[in-house]
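Undergrad: Build me a structure from this.
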Amino acid sequence: MRFYITFFILLCSLLANGQRAEIGFGIGTWNYTGDLSRNYNILNVKPAGTVFYRSNLGRAISFRTSITAGKIAASDARPIDAFASNRAASFNLFLYELALATEYHFLDWRSEKRPLRFTPYVVTGLGLFGMAGQTQKSAEYSSIQPSVQLGIGFKYVLNPLWYLSLEFSTRKTFFDYLDNVSEGNTANKNYRYGNPNDNDNYHFLGITLTRTFYTIPCPTNPYR
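TA: Numbering: from 1, shown residues only. Sure thing, here's the model as predicted:
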């Protein structure tokens, strides 16, 4: 945990010294993979929202800090095997996250001449997520946990001050109780078994709108 705190402090310092400031917000979905859903299932998507601050340190590299929150849920209502059918487990939580991430843009989309109005990008970072709404825990654990973020996205310039982004990112956790199902205690009458060697993960898919506060030094508006 000390490593995560140090990383957050260093990245916040970089954000404060960025060359171009941007703020934005977006809407999207949380989804989950774990003991109740081994693969990404669109039937498990739940609404989520995000707000963020971004600092661009060059034409290719950006740092951002974000807060994302929303519902996350899954169940054995559509069992993936006979064990899941017998287990009949489910969860429905409110998940919130604070993350610091680095974006790398493949195209020189901020060039004053703007030969291209879009760019694909990759994003990676670290985060802390919390859970609320768990009525009964199957084990003792902290409701705040670390995660590692990895994703891809696409940005499109609307005009010199605004642009849209579409992003999908996965959060790898080191935690197997997001769904409240793991190895558990077999002596507990409410025991619901899972795979303790396969940690749970969560995913965000969303569209964001960004406002930049950097004035491009162009003699004319290239979009007129």
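
Undergrad: is residue 132 in a bridge, and if so with what?
TA: In this entry, residue 132 is beta-bridged to residue 94, by DSSP bridges.

Undergrad: following the helix or strand bottoming out on mean pLDDT in the chain, which helix or strand shows up next?
TA: Between all helices and strands in the chain, the lowest mean by mean pLDDT, DSSP states H and E belongs to helix 2-16, at a mean of 52. Per DSSP states H and E, the first helix or strand lying C-terminal to helix 2-16 is strand 20-33.

Undergrad: name the helices or strands packed onto that next one?
TA: Here strand 20-33 touches strand 46-56, strand 61-75, strand 201-212, going by 3 or more C-beta pairs under 8 Å, 6 or more residues apart in numbering; DSSP states H and E. C-betas here are computed from N, CA, C, even on glycine.

Undergrad: Buried residues, that strand. List them.
TA: The neighbour-count check on strand 20-33 (16 or more other C-beta atoms under 10 Å) flags 20, 22, 24, 26, 28, 29, 30, 31, 32, 33 as buried.

Undergrad: Test my guess that the fourth one contacts residue 206.
TA: Yes: assessed by C-beta atoms under 8 Å, residue 26 is found in contact with residue 206 at 4.8 Å.

Undergrad: Out of the buried residues of strand 20-33, which is nearest to residue 91?
TA: residue 32 (8.6 Å; C-beta to C-beta).

Undergrad: Relative to residue 53, how far out is that closest one?
TA: Distance, residue 32 to residue 53, using C-beta to C-beta, to the nearest Å: 27 Å.

Undergrad: same deal with residue 104?
TA: Residue 104 is 18 Å from residue 53, by C-beta to C-beta.

Undergrad: so where's this structure uncertain?
TA: Along the chain, segments meeting pLDDT under 70 span 1-19, 79-85, 112, 138-139, 182-196, 214-224.

Undergrad: mind redoing it with 80?
TA: Across the chain, the ranges flagged by pLDDT under 80 are 1-20, 76-89, 109-116, 134-140, 180-198, 214-224.

Undergrad: picking up where we left off before, of the helices and strands packed on strand 20-33, which is nearest residue 86?
TA: Nearest of the helices and strands packed on strand 20-33 to residue 86, taken as C-beta to C-beta: strand 61-75 at 13.7 Å.
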